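1. kindly generate the corresponding structure for this input.
(one chain, ligands or ions: 1)
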Amino acid sequence: LSVLAQDGKEKHAYQSDVARLRKIVINSLYSHRDVFLRELISNANDALEKLRLTSLTEPDVLTGAEQMNITIQAIKDEDGAGRIIISDTGIGMTADELTTNLGTLAKSGTSDFLSKAESDTSGTGNLIGAFGLGFYSSFLVADRVQVASLAAKSSKNPNPKQYVFTSGADENSFEIFADPRGNTLGRGTEITLYVKGDAVNYLDEQTIKDLVNKHSSFSTSFPIYLLTHRVEMVPQEVPEEDGPV
Ligand SMILES: COC(=O)c1c(O)cc(O)c(Cl)c1CCC(=O)Nc1cc(O)c(OC)cc1O
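-> Numbering: from 1, shown residues only. This next block holds a predicted model:
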């Protein structure tokens, strides 16, 4: 059941399984929450592989963004909080795909995973990736997650629009709406993790660099860029030189 709020935002209730599943993923992975980055980079890599494969039959999909890559940014706010943004120029998702892929248990067999995982959470680590559930690992480090996505152009989707999926860790609902920024991605998906208090260490560039090199650099076939934020140097006012003394 999705309610269209007056501000044009569609509010969806999670299926009960999704809420249960997210809790299991978070509890079973909590002790190795580093995996969130590996899972999201792996999803980005899959989306880029899907793009590359599709482009063999539908070259149109390559318009919108020349490069196939993954970029990571860590942005710290003054108050010590911040967000991690993982973007890719992969196949991207339509509003319906955002709803299906992220809001429901679309993958078959996930309910089997549920029943198994509820009893013993030992082997669930790698199963999570297998069921495309890596997205939920975002909530290991974030109390709010926003996913902006612009699907690749194709014959059945000639004018794609950028949409946003957003959900809070403790909410049993998510929202989908047209991105007020417009089509800023060119093509692909941008995951914004609003990092929670006890995970602010993941905002540190060196930490991210180490995690990428530890888990992901060998298992992705596309370049991964870590964008660093140069603090803008404000030009100092040079005092007027007095005349010759
Ligand atoms: C197409 O995948 C994406 O756009 C994408 C991405 O580029 C980066 C990401 O971090 C994530 Cl989470 C995604 C979405 C991945 C995803 O959930 N895929 C997915 C899930 C399903 O349940 C499914 O069932 C039909 C199909 C999917 O592609």
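2. got the residues of this structure near the ligand?
-> For the chain, the contact set with the ligand under C-beta under 6 Å from any ligand atom comprises 40, 43-44, 47, 88, 90-93, 101-102, 106-107, 132, 135, 149, 189, 191. (Glycine included, C-beta is placed from N, CA and C.)
3. so which of the residues you listed belong to strands?
-> Asp88, Ser149, Thr189, Ile191 (DSSP state E).
4. now those residues in JSON lines, with neighbour count?
-> As requested, these are exported to JSON lines (neighbours: other C-beta atoms under 10 Å):
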{"residue": "Asp88", "neighbour count": "31"}
{"residue": "Ser149", "neighbour count": "28"}
{"residue": "Thr189", "neighbour count": "25"}
{"residue": "Ile191", "neighbour count": "24"}
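5. the residues you listed into TSV, with extra columns for pLDDT?
-> Shown next, in TSV, are these (pLDDT from 0 to 100):
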residue	pLDDT
Asp88	98
Ser149	98
Thr189	98
Ile191	98
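6. show me how to select, in ChimeraX, the buried members of the residues of the chain next to the ligand.
-> Applying 16 or more other C-beta atoms under 10 Å to the residues of the chain next to the ligand, the buried members can be selected in ChimeraX as follows:
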select :40,43,44,47,88,90,91,92,93,101,102,132,135,149,189,191
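7. tell me which of the residues of the chain next to the ligand fall in helices.
-> Taking DSSP state H, the ones among the residues of the chain next to the ligand that sit in helices are Leu40, Asn43, Ala44, Ala47.
8. give the contact list for the residue lying closest to the last one once chain neighbours are set aside.
-> So that's Ala47. The shortest distance from Ala47 to any non-neighbouring residue, by C-beta to C-beta, 6 or more residues apart in numbering, is to Gly90 (2.8 Å). Counting by C-beta atoms under 8 Å, 6 or more residues apart in numbering, Gly90 makes contact with Ala44, Asp46, Ala47, Leu48, Glu49, Lys50, Leu51, Met68, Arg187, Gly188, Thr189.
9. do Tyr225 as well
-> Neighbour list for Tyr225: Asn69, Ile70, Thr71, Ile72 [criterion: C-beta under 8 Å, 6+ apart].
10. again, only using 7 Å
-> Contact analysis of Tyr225 by C-beta atoms under 7 Å, 6 or more residues apart in numbering lists Asn69, Thr71.
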